[in-house]
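Chemist: Compute the structure for the input listed below.
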Amino acid sequence: METDPLYETVSAHIADPPSDPVPAWDPVNQPMIRHWCDAMGDELPIYTDAAAAREAGHPDVVAPPASLQAWTMPGLRMRGFEDGTTRAQATLVEAGYRAVVATDCEQTYHRYLTIGDHLYATSRLDSVSPRKKTALGEGYFLTSVTEYRDQHGELVGEMLFRTLWFQPKETRA
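Modeler: The predicted model follows:
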């Protein structure tokens, strides 16, 4: 079996510790929930109508579960996120695997987010595939796991995110 030194280097980052906790810019709030619902076309009343939320058994409006990631997105500066995933990505870019495509994302929700929850996220590299030949080119699949916790440290959700870092196939004119 042929060894792949780049795979060995990149996959060694699986043992890296998770990122430091990255706090959300703002606590969960009604205006952001409203904007999310408008952008996504989600008209479920428990997200925007306190009476409907109470009728459904919630103390107030709740955030759509799919908005979980939006609360802690680091922005263009990637503030605070340094973990095995970012180090693995840097290694691949340096080795010429500069093209990237997201391939899949799985989120798990443990409870609804409520107004005032102040989330933070930690992220870690979960797995690296051996080099694969794909329709896009040769590359490596990186899978990261992000945990989302509230201000009390309660795990409220998780996200598995997989990307392909590849060297594009040459195209002929």
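
Chemist: Three-state assignment for Ala12, please.
Modeler: For Ala12, the assignment made with DSSP: H, G, I helix; E, B strand; the rest coil gives helix.

Chemist: Quick check: which element contains Glu138?
Modeler: strand 137-149 (DSSP states H and E).

Chemist: strands paired with that strand, and their directions?
Modeler: Sheet pairing of strand 137-149 (DSSP bridges) gives strand 120-128 (antiparallel), strand 132-133 (antiparallel), strand 155-168 (antiparallel).

Chemist: which residues touch the residue nearest to Ile115 when sequence neighbours are not counted?
Modeler: With CB to CB, 6 or more residues apart in numbering as the criterion, Ile115 has its nearest non-adjacent residue at 5.3 Å, and that residue is Asp60. Where C-beta positions appear, they are placed from N, C-alpha and C, glycine not excepted. By CB atoms under 8 Å, 6 or more residues apart in numbering, the residues touching Asp60 are Ala50, Ala53, Arg54, Thr114, Ile115.

Chemist: lowest average confidence, helix or strand, in the chain?
Modeler: Within the chain, confidence by mean pLDDT, DSSP states H and E is lowest for strand 22-23 among all helices and strands, at a mean of 90.

Chemist: Run through the neighbouring helices and strands of that strand.
Modeler: strand 120-128 (3 or more CB pairs under 8 Å, 6 or more residues apart in numbering; DSSP states H and E).
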